[in-house]
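Provide a 3D model corresponding to the input given below.
(chains A, B, C and D)
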2 protein chains.
Amino acid sequence: MNDMLSCGMHSEAGFLKVEAFTMARPEAINPLADLSPQGRALLMAGRIERAFDKPTAVIHKGQPVSGAYLVTHGQLRVFTYTPQGSEATLYFIRPGETCVLALNCLFNDLRYPAWVETAADTRVEIIPGALYRQLFMREPAVQNLTVKALSTLVFRLMDELEQIHACNLDQRLANFLLSNASDEGVLLTTQQALAGHLGTTREVIARLMQGFVTQGLVATGRGRVTIVDAAGLSRLVEP
Amino acid sequence: MNDMLSCGMHSEAGFLKVEAFTMARPEAINPLADLSPQGRALLMAGRIERAFDKPTAVIHKGQPVSGAYLVTHGQLRVFTYTPQGSEATLYFIRPGETCVLALNCLFNDLRYPAWVETAADTRVEIIPGALYRQLFMREPAVQNLTVKALSTLVFRLMDELEQIHACNLDQRLANFLLSNASDEGVLLTTQQALAGHLGTTREVIARLMQGFVTQGLVATGRGRVTIVDAAGLSRLVEP
DNA sequence: ATGGCTGCGTAACTTATGTTACAGAACCCT
DNA sequence: AGGGTTCTGTAACATAAGTTACGCAGCCAT
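Next comes the predicted model:
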């Protein structure tokens, strides 16, 4: 199984920054804040906390979903497998966000349509399905959380789809690097993992990366990519 | 601008049939049914009906969204443009369904991330944004509708993404044909439109289609595809 | 320090898809 | 019926991406 990126979500470079409201609103980080006393009591009684110190598969495709997953630390990665066995990341779920697909399945009694694994050092709160539905019925805060979580996901997925239609792999890679690098322009991740996120293979990533290197856009190292010319990378994405 | 397909939604061949609950629940067809008297009064007073006799663009990318679109007849088509100017259909919205992306934008004050056009002979009810938010606050029926609409969309998008990663064009085409043909196995649509739905070009569709013809899977005509061997087509998709 | 593991660089090759260019068939209107 | 328009069929070609195969470099543990 693949390593996880230790950094964030990709592909929101397009028409919106989904993170914005998540980060700006403290109650999104801790959605418990807006609950009524009764609601909070219910939640505290029924929720289950789980911690993972290393990457762990938490949901398998086709499994019935037992609850909503609220990430408090680390991140979840939602992905699919291609028939050839390679992975493609659909999106990440970061602290304060809820695994909306779980929500989704929760409300519609569906089976989960993808795999989910945790990053290293990740903590989640699981809110059992029945409890979540109860809370949704009576707590406006939960209703809002739900709609926003779903909305966000829809935008991410649409953006991803659009990029796949409209962009070459090198553009998508450039975009991914820009979106996921630290403030210093460093990305601690293997090319294998990058390949997984973009749904391609390591060799292809290596080839593209070398292209970037010869253009002076990035520098590579073992388990590390450093952005040298961010502006140049951006120009690749939107010329 | 492209013609619309006169038939339905594609790409739910995978892990779920999204149509199921939509069709089975009458209040999904007419979501007004479950409202409280006050809510219904509000809705009746505030909603706007519009009818289109021919394909019409109703939402442009980047436009602020003015309301929720509930389709009562015909269908909407949500699509993007590639930089080269060709289109790719993201999904369809059929009678009883709501344009959830509009919802999405409604709740988050975002701009619409795609284009939408009506089919010929389509009627929609537009529920202004402010009104919809009001109804959402107090009407459980609207809350449920909203969540279900978003959920459905998420599943469709995920399925689409997965297919793009996992399937060849011929498999996606086969899938599209199977999903969209009438009960008699007929599809009244041009190859140009098919190309638009799958995000490719007419010539490619023609090539693939000829492949299908020589394998005895379909027959083609001007503006028409007839499925000859549905089982054979299915075998292409999941061998 | 050394052997083994993991990750990267690279090249040659294959394949799927997109592109260009054109011809002919079906349909539509007057 | 004739002429224009809209579709489809086809072939040759261009290109992006996936595949195979291998060598080497950095890191780790004993």
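
Quick one: the helices in chain A, in order.
Counting by DSSP state H, chain A has these helices, from start to end: A:19-24, A:26-29, A:37-46, A:100-108, A:129-138, A:140-166, A:169-180, A:191-198, A:202-214, A:230-237.

what does the third one rub up against?
When you say that, I think you mean helix A:37-46. The contact list for helix A:37-46, computed with CB atoms under 8 Å, 6 or more residues apart in numbering or on different chains, reads A:32, A:35, A:127-128, A:131, A:134-135, A:138-139, A:141-142. The C-beta positions use only the backbone N, C-alpha and C, and glycine is treated the same way.

Highest neighbour count among these?
Compared across the contacts of helix A:37-46, residue A:127 has the highest neighbour count, 27 neighbours, by other CB atoms under 10 Å in any protein chain shown.

how far away is that one from residue A:108?
Residue A:127 sits 17 Å away from residue A:108, going by CB to CB, to the nearest Å.

next one: residue A:54
From residue A:54 to residue A:108 the distance is 32 Å (CB to CB).

Between those two, which is the more surrounded one?
residue A:108 (18 against 10).

Surely the more buried one touches residue B:150?
No. Counting by CB atoms under 8 Å, residue A:108 does not reach residue B:150; the two are 10.7 Å apart.

Residue A:216 touches residue A:228, doesn't it?
Yes. Counting by CB under 8 Å, residue A:216 touches residue A:228, with 6.1 Å between them.

Among the two, which residue is more densely surrounded?
Remark: of residue A:216 and residue A:228, residue A:228 carries more neighbours, 15 against 10, as counted by other CB under 10 Å.

Tell me the backbone dihedrals of that one, please.
Dihedral pair for residue A:228: phi -100, psi -40, per degrees, to the nearest 10.

Let me know the distance separating it from DNA strand D.
18 Å (CB to the nearest atom of the strand, to the nearest Å).

what's the answer for residue A:186, then?
Remark: distance between residue A:186 and DNA strand D (CB to the nearest atom of the strand) = 14 Å.

likewise residue A:153?
Using CB to the nearest atom of the strand, residue A:153 is found at 24 Å from DNA strand D.

Low-confidence ranges, chain A, go.
For chain A, applying pLDDT under 70 flags the ranges A:1-33, A:83, A:239.

Was I right to think residue A:237 contacts residue A:171?
Yes. The criterion here is CB under 8 Å, and residue A:237 meets it with residue A:171 at 5.1 Å.

is the residue most central in space within chain A in a bridge, and if so with what?
Of all residues in chain A, the one closest to the mean position by CA atoms, centre = their mean is residue A:92, 0.7 Å from it. Taking DSSP bridges as the rule, residue A:92 bridges to residue A:77.

Residue A:219 too?
Beta-bridge partners for residue A:219, by DSSP bridges, are residue A:226.

if I pick it, what's in contact with it?
Neighbouring residues of residue A:219 by CB under 8 Å, 6+ apart: A:213, A:225-226, A:228.

Check residue A:112 too.
For residue A:112, the contacting residues are A:59-65, A:101-102, A:105, by CB under 8 Å, 6+ apart.

how about the residues you listed in JSON lines, adding distance to chain B and neighbour count?
As requested, those are exported to JSON lines (distance: CB to the nearest CB, whole Å; neighbours: other CB atoms under 10 Å in any protein chain shown):
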{"residue": "A:59", "distance to chain B": "13", "neighbour count": "21"}
{"residue": "A:60", "distance to chain B": "12", "neighbour count": "12"}
{"residue": "A:61", "distance to chain B": "8", "neighbour count": "15"}
{"residue": "A:62", "distance to chain B": "7", "neighbour count": "11"}
{"residue": "A:63", "distance to chain B": "11", "neighbour count": "13"}
{"residue": "A:64", "distance to chain B": "12", "neighbour count": "12"}
{"residue": "A:65", "distance to chain B": "12", "neighbour count": "21"}
{"residue": "A:101", "distance to chain B": "7", "neighbour count": "28"}
{"residue": "A:102", "distance to chain B": "11", "neighbour count": "27"}
{"residue": "A:105", "distance to chain B": "8", "neighbour count": "25"}
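
Among these, find me the one that's closest to residue B:196.
Residue B:196 has its nearest neighbour among those in residue A:101, at 28.3 Å by CB to CB.

and chain A, which residues reach DNA strand C?
Residues of chain A found near DNA strand C (CB under 7 Å from any atom of the strand) are A:3, A:190-192, A:202-203, A:206-207, A:209-210, A:213, A:220-224.
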